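Trainee: Attaching a predicted model along with its sequence, questions to come.
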Amino acid sequence: MLQAEMSAQVERMRRFFATNPHINMVSIWTLAAALTISPILACLLVIPIYAHLWLRVLRMVPGVRLYRVICSAATAVITVLAAWAAPDLLGFRDEPPGLVAIVLGGLTYFVVNTLLVMIGFKLHDSRRGFVSFIGSWADNVLDIVTLCLGGTTAVLLVVHPSLVSLTLLPAVLLPRGELGRQLEILADRDHKTGLLTIAEWSKRADAELSRARRTNDPCGILMIDIDHFKRVNDTYGHLAGDAVLRAVADAVQHEVRIYDSVGRFGGEEFVVLLPGIGQGHSIAIAERIREAVMKLAVVTLTNDGETTIKGVSVSLGVAVYPIAGSALDQVLGAADKAVYRAKHLGRNQVCIDGFTSS
């Protein structure tokens, strides 16, 4: 509770920015309990920890509801039981807990908790795939670090309980470091779509064109504009418009490679950087994006209730370095002109250097 009080403000901010399962410091104490005390007491310990967490931190975070905290506490109880049972059933329970017991308990804790959280999030949002709930490498590393601290705390509780206070400092500093990482990521990301900001995208594009000059490789750039986007906002409202923006952004990211850079250019326009891609492949990727957007069915809430928005389309302009120019502004300008030509010709098309692809 002392650790939670010292980290309360940071935890609220981390919860506010979280998009995937949130990693808190609770496992430090619950894993230590699973390794040192009876399973009943270890499970009972979860109740005051999560009650305090709700009263002092979570109820002040927008979007966090009490039922979700109760589900998290129930998940913690099951996880604690599994972490207690693993070394006990295999005959490695010692006092103080040894390395094997800590590794078995920690590994069981990590696997069981991850699976339960993934199932819970999948039930909450069935449209997302299981893999999206695993979290980033940084999230999982933070989770493993907290479990390592939990194992250390378990040993200290038995050998020298007063030294457990030394665990407080890393337990308080870890979420602060994680918050800094989250803020750094958010500074480079558009808050509505999660895509790169135009400043970050331009920085990456400049670096890639510099590399392309040295290696004589091509580099494709796509500019994408959502057709009749103002009509969506006027008909369904701005929240529905934001949902369409996110859906199109997700569709674009799904159709490009993991190392391609996708940014929000402004308003309803997006840009894509395709390193090492020539004209033919750039057009093919643009066509895939156009077709993927046409298949979208965006479910959103309006004043009239839940609505499904269909018929969204995009106009795309393709430009390729070095054909369209040697500088980023020149290549972007060529892609921009191609977009306007696509719109002039009736929208929902791909154009390149003044010619229509489809």
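Mentor: It's in. Residues are numbered from 1 along each chain as shown.
Trainee: can you give me the helices for the stretch 51-200 of the chain?
Mentor: Remark: helices assigned in the stretch 51-200 of the chain by DSSP state H, counting those that start in this stretch are 66-89, 99-124, 137-159, 168-187, 198-215.
Trainee: need the least confident one among those, by mean pLDDT.
Mentor: Lowest mean pLDDT of those: helix 168-187, a mean of 72.
Trainee: Per the annotation, how does the protein divide into domains?
Mentor: Segmentation of the chain into domains, based on automatic domain parsing, reads 2-187, 198-356.
Trainee: Mind putting the ones you listed into JSON lines with mean neighbour count?
Mentor: Glycine gets a C-beta too; all of them are placed from N, C-alpha and C. Shown next, in JSON lines, are the domains of the chain (neighbours: other C-beta atoms under 10 Å):
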{"stretch": "domain 2-187", "mean neighbour count": "17"}
{"stretch": "domain 198-356", "mean neighbour count": "18"}
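Trainee: Tell me the spacing between the closest residue to residue 102 other than its chain neighbours and residue 41.
Mentor: Leaving out its chain neighbours, the residue that sits closest to residue 102 by C-beta to C-beta, 6 or more residues apart in numbering is residue 151, at 3.7 Å. Per C-beta to C-beta, to the nearest Å, residue 151 is found 18 Å from residue 41.
Trainee: And for residue 121?
Mentor: Residue 121 is 29 Å from residue 41, by C-beta to C-beta.
Trainee: follow-up on the earlier one: reformat the helices of the stretch 51-200 of the chain into JSON lines and put distance to residue 316 next to each item.
Mentor: JSON lines is the format used below for the helices of the stretch 51-200 of the chain (distance: least, C-beta to C-beta, whole Å):
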{"stretch": "helix 66-89", "distance to residue 316": "40"}
{"stretch": "helix 99-124", "distance to residue 316": "33"}
{"stretch": "helix 137-159", "distance to residue 316": "33"}
{"stretch": "helix 168-187", "distance to residue 316": "28"}
{"stretch": "helix 198-215", "distance to residue 316": "16"}
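Trainee: And the contacts of stretch 201-210?
Mentor: 195-196, 219, 221, 261-263, 265, 271, 273, 275, 321, 327-328, 331 (C-beta atoms under 8 Å, 6 or more residues apart in numbering).
Trainee: same question, stretch 151-165
Mentor: 28-29, 31-32, 35-36, 95-97, 102-103, 105-106, 166-167.
Trainee: Considering the residues you listed, which member attains the minimum pLDDT?
Mentor: Among the contacts of stretch 151-165, pLDDT bottoms out at residue 95, giving 83.
Trainee: residue contacts, it?
Mentor: The contact partners of residue 95, by C-beta under 8 Å, 6+ apart, come to 36, 158.
Trainee: Over to the one 3 residues further on?
Mentor: By C-beta under 8 Å, 6+ apart, residue 98 lies in contact with residue 92.
Trainee: Quick check: the residue nearest to residue 102 vs residue 109, distance?
Mentor: To residue 109, residue 151 is 10 Å away according to C-beta to C-beta.
Trainee: Which neighbours do the two have in common?
Mentor: Counting by C-beta under 8 Å, 6+ apart, the contacts common to residue 151 and residue 109 are residue 31.
Trainee: so what's residue 308 bridging to?
Mentor: Beta-bridge partners recorded for residue 308 (DSSP bridges): residue 299.
Trainee: contacting residues for it?
Mentor: Counted by C-beta under 8 Å, 6+ apart, residue 308 has contacts 297, 298, 299, 300.
Trainee: rerun at 7 Å
Mentor: By C-beta atoms under 7 Å, 6 or more residues apart in numbering, the residues touching residue 308 are 297, 298, 299.
Trainee: same check, this time on residue 256
Mentor: For residue 256, the contacting residues are 262, 272, 285, by C-beta under 7 Å, 6+ apart.
Trainee: want to try a markdown table for those residues, with secondary structure and distance to residue 51 as columns?
Mentor: Compiled in a markdown table, the contacts of residue 256 are given as follows (DSSP: H, G, I helix; E, B strand; the rest coil; distance: C-beta to C-beta, whole Å):
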| residue | secondary structure | distance to residue 51 |
| --- | --- | --- |
| 262 | strand | 43 |
| 272 | strand | 48 |
| 285 | helix | 52 |
